[in-house]
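Undergrad: sequence-free structure coming up:
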């Protein structure tokens, strides 16, 4: 396998750490971004010695993102793979979730990812090669009650990434949306932000969902180590996927959601066709 230079945002815990460890184990150099000096030191101690390079970064600081990417290109070397992983989950009923929290969710999950990919893209375009990845979620291809802001942010990323992939394919640059299911990380535990409950009408629907998610935290089906290995694998293939669904639960739920969309399209196809001008397009 050809050795690569990786940049991964959000490597202090969770899937970001798993991706970084898998890339390091494969012999790649990894620059990982964290939010504190303590996390930076811990990351740089990962084996093999000298291959893990930490950088402190808040992905919502656009100027800092650009500066870090430019500095890494100069000091570490040309980036072959960039994984925009930094993000968090916001759980809450749509009507109960403060707008400020929704905006913050998009600021981190969407605009932090966009800033990271935009900073790396010019360097890859000049070299006519590279692989841009971003962690969306199975929640970017299907939605569940109580996760409207989170799923909305991930749906937004899916659209951005799909369009981006079609723009940069001409330059030999690959774009992959990584869509994990439930993995055994702290995403649903201490890393989850939860909006306060305020409306009793939603109790019957949502209370069991919130309780089940909290109970399942730490016991999820997905193995982060295997997720890391899967991501490293697609970075080595000639034709990587535009979408990488990770986990059998994600496969099941995403397939069901897409089937439901297809059924709606078929059921209402006749009505959809009634909205054209009878004489056709005017060219």
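TA: Yep, that arrived. Please read these numbers as outputs of a predicted model, since none were measured by experiment. Numbering: from 1, shown residues only.
Undergrad: got the contact list for the biggest strand by length in the chain?
TA: Longest strand of the chain, by residue count under DSSP state E: strand 173-180. With CB atoms under 8 Å, 6 or more residues apart in numbering as the test, strand 173-180 has contacts from 15, 83, 121, 124-125, 128-138, 140-141, 157-158, 161-162, 164-165, 168, 222, 227, 231, 234, 240-247, 250, 254. Where C-beta positions appear, they are placed from N, C-alpha and C, glycine not excepted.
Undergrad: and what of stretch 103-123?
TA: Here stretch 103-123 has contacts from 7, 9, 59-60, 62, 65-66, 68-70, 73, 78-79, 82, 84, 86-88, 90, 130, 132, 134, 149-150, 152-154, 156-157, 160, 164, 168, 173, using CB under 8 Å, 6+ apart.
Undergrad: in helices, which of those fall?
TA: Those of those mapping onto helices are 62, 65-66, 68-70, 73, 149-150, 152-154, 156-157, 160, 164, 168, per DSSP state H.
Undergrad: name only those of those that count as buried.
TA: Those of the ones in helices among the contacts of stretch 103-123 that meet the buried threshold are 62, 65-66, 68-69, 73, 149-150, 152-154, 156-157, 160, 164, 168, by 16 or more other CB atoms under 10 Å.
Undergrad: any stretches of the stretch 51-200 of the chain with poor pLDDT?
TA: For the stretch 51-200 of the chain, applying pLDDT under 70 flags the ranges 187-189.
Undergrad: picking that back up, which of the contacts of strand 173-180 fall within strands?
TA: The strands, defined by DSSP E, take in 83, 130, 131, 132, 133, 134, 135, 243, 244, 245, 246 from the contacts of strand 173-180.
Undergrad: and of the residues you listed, the nearest to residue 45?
TA: Nearest to residue 45 out of the ones in strands among the contacts of strand 173-180 is residue 83 (CB to CB; 20.5 Å).
Undergrad: is it true that that closest one touches residue 9?
TA: Yes. Residue 83 is within contact range of residue 9, at 7.1 Å (criterion: CB atoms under 8 Å).
Undergrad: between the two, what contacts are shared?
TA: The contact sets of residue 83 and residue 9 overlap at residue 16 (CB under 8 Å, 6+ apart).
Undergrad: tell me which of those two has more neighbours.
TA: Shown here are residue 83 and residue 9; by other CB atoms under 10 Å, residue 83 has more neighbours (29 against 26).
Undergrad: and the gap between that one and residue 214?
TA: As for residue 83, its distance to residue 214 is 28 Å (criterion: CB to CB, to the nearest Å).
Undergrad: now, of the ones in strands among the contacts of strand 173-180, which are buried?
TA: With neighbours counted using 16+ other CB under 10 Å, the ones in strands among the contacts of strand 173-180 contain these buried positions: 83, 130, 131, 132, 133, 134, 135, 243, 244, 245, 246.
Undergrad: who touches the fourth one in this structure?
TA: Meaning residue 132. Residue 132 touches 82, 84, 117, 120, 121, 124, 164, 168, 173, 174, 175, 176, counting by CB under 8 Å, 6+ apart.
Undergrad: for those, pick the one with the most neighbours.
TA: Neighbour counts for the contacts of residue 132 peak at residue 84, which has 30 neighbours (criterion: other CB under 10 Å).
Undergrad: now residue 53, nearest residue through space, not along the chain?
TA: residue 31 (4.6 Å; CB to CB, 6 or more residues apart in numbering).
Undergrad: residue 154 against residue 143, yeah?
TA: No. Using CB under 8 Å, residue 154 is not in contact with residue 143, being 9.1 Å away.
Undergrad: now do the helices in the chain.
TA: Under DSSP H, the chain gives helices at 14-25, 37-44, 62-75, 99-106, 112-127, 148-168, 203-216, 224-234, 248-267, 269-273.
Undergrad: can I get these in JSON lines with distance to residue 54?
TA: What follows is these, written out as JSON lines (distance: least, CB to CB, whole Å):
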{"stretch": "helix 14-25", "distance to residue 54": "10"}
{"stretch": "helix 37-44", "distance to residue 54": "4"}
{"stretch": "helix 62-75", "distance to residue 54": "11"}
{"stretch": "helix 99-106", "distance to residue 54": "25"}
{"stretch": "helix 112-127", "distance to residue 54": "16"}
{"stretch": "helix 148-168", "distance to residue 54": "25"}
{"stretch": "helix 203-216", "distance to residue 54": "31"}
{"stretch": "helix 224-234", "distance to residue 54": "18"}
{"stretch": "helix 248-267", "distance to residue 54": "30"}
{"stretch": "helix 269-273", "distance to residue 54": "52"}
